[in-house]
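Chemist: Generate a structure from the sequence data that follows.
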Amino acid sequence: MRVTIHEFRGTESRRALVEELFAQYLYRGVKVDSEEFPPEYSRAEQGWRYVKLLQAATPPEQGITLSVDAASFGGYRAYIKAYFALTGRYLTYADTIAHSFFPAVSVQDRMVLVPNGLKAQLAKGTNEMSPFPAFREGGVLEVDFYDDAGVRNAVRLVSERLHAEFLRDLQNHAQFQDLNAVPLQVLADDLNIELGYIQYLLNGDEHVLDRASYNHFEWSITPSELPVNRWTKTTLSLKNNSDQALDRLSVQIRGPVKVSPERVEMTVAARSTAETLVAIKPEESGEYPLEIVGVLPQDKPLAALLRPRPIWVKFTDS
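Modeler: Alright, predicted model coming up:
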């Protein structure tokens with residue numbers, strides 16, 4: 001994960017705190033780079049990179065165009081400029097005013113955290129319209145970088161969103177790629193993510209979800225013929241043909257039925273069978289495959305990627 005904190009030169013750096021928190025909430029091996037503004041003349045691209053990231057976080061309909069204006073008279077200086085198409089105004093943020101743009105944090109070349117007050121600063125040129133979408137819609141979070149508790153909460157929220165987005169990407173990837181056959185490095189390259197991040201999420205597994213126990217489940221439901229629109233007590237049986245004991249396996253039944261309870265837990269010793277009772281109410285007649293998904297506690301974040309095992313059951317009109 002490329003994590004960068006963009007800071008204003010001469011102010012107290014918050015890089016160490018941000019790195020500590022991302023290591024706690026995102027993954028242990030994360031490193032946080034630091035880029036200063038105004039940049040040195042030889043590193044002017046840093047200023048442009050920050051502005052580009054901030055521009056990407058601003059919806060086009062806001063009509064805000066950000067740029068960097070550089071001057072070298074009497075020493076190199078860089079200024080952030082904004083053009084507001086809705087009002088036709090130009091604003092130049094220099095010296096103490098530009099200070100309100102920093103610190104800020106980007107992850108994977110995407111702005112995620114900006115300082116408190118930046119929305120209000122930019123809204124001055126847009127008739128008080130918010131320049132950023134809501135965080136829940138993919139926008140940035142405003143945070144007081146000198147409030148340690150506030151920064152902690154913000155990093156936690158960002159990390160949770162990044163985890164969820166990565167798992168969705170992984171799930172989409174699984175639609176056309178057999179993840180069990182993909183080495184982690186290849187998967188990391190395909191998804192443009194660090195190998196260490198995937199290893200952290202998957203507890204260092206060599207392959208994604210390549211667990212012998214999952215490949216050796218045998219499920220059955222008794223009885224296998226159930227009346228429609230009536231609750232029937234059934235026995236769900238799991239035969240564990242692997243040498244690994246299954247502790248607190250979370251089980252879910254999916255299909256055109258109602259199930260009570262919706263989730264059950266089973267513990268099954270190696271090379272043995274266990275049973276549990278569930279009530280099933282079919283919603284329509286016919287023969288359908290009920291999908292059984294069992295997931296161990298350590299794999300719950302990846303439950304959506306597990307391939308369900310189908311059990312064919314007949315539903316009849318009573």
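Chemist: Which residue ranges make up the domains of this protein?
Modeler: By the assignment in automatic domain parsing, the chain contains the domains 3-161, 212-316.
Chemist: Ok, which of those domains comes nearest Tyr197?
Modeler: Among the domains of the chain, the nearest to Tyr197 by Cβ to Cβ is domain 3-161 (5.1 Å). (Glycine included, C-beta is placed from N, CA and C.)
Chemist: What about Tyr81, how many residues nearby?
Modeler: I think there's a mix-up here, since residue 81 is Lys and not Tyr. Other residues within reach of Lys81, judged by other Cβ atoms under 10 Å, total 16.
Chemist: wait, it sits on Thr92?
Modeler: Yes: taking Cβ atoms under 8 Å as the contact criterion, Lys81 and Thr92 are neighbours in contact, 5.1 Å apart.
Chemist: list the residues that contact both of these two?
Modeler: Common neighbours of Lys81 and Thr92, counting by Cβ atoms under 8 Å, 6 or more residues apart in numbering, are Asp69.
Chemist: can you pull the contacts of Gln185?
Modeler: Gln185 sits in contact with Leu195, where contact means Cβ under 8 Å, 6+ apart.
Chemist: my read is it is in a helix, agree?
Modeler: Yes: assessed with DSSP: H, G, I helix; E, B strand; the rest coil, Gln185 lies in a helix.
Chemist: Please report how far it lies from Gln199.
Modeler: Remark: distance between Gln185 and Gln199 (Cβ to Cβ, to the nearest Å) = 10 Å.
Chemist: need the helix or strand of the chain with the lowest average pLDDT.
Modeler: Taking mean pLDDT, DSSP states H and E as the measure, the helix or strand of the chain with the lowest value is helix 212-215, at a mean of 62.
Chemist: Name the next helix or strand downstream of it, please.
Modeler: Beyond helix 212-215 on the C-terminal side, the first helix or strand identified by DSSP states H and E is strand 217-222.
Chemist: Listing partners with orientation, what would you give for that next one?
Modeler: Take DSSP bridges as the rule and strand 217-222 pairs in its sheet with strand 232-240 (antiparallel).
Chemist: And the partner strand, what's buried?
Modeler: For strand 232-240, the neighbour count (16 or more other Cβ atoms under 10 Å) marks 234, 236-238, 240 as buried.
Chemist: now the helix or strand following that strand: mean pLDDT?
Modeler: Past strand 232-240, further along toward the C-terminus, the next helix or strand under DSSP H and E is strand 246-254. pLDDT averaged over strand 246-254 equals 91, rounded to a whole number.
Chemist: Nothing else from me, thank you.
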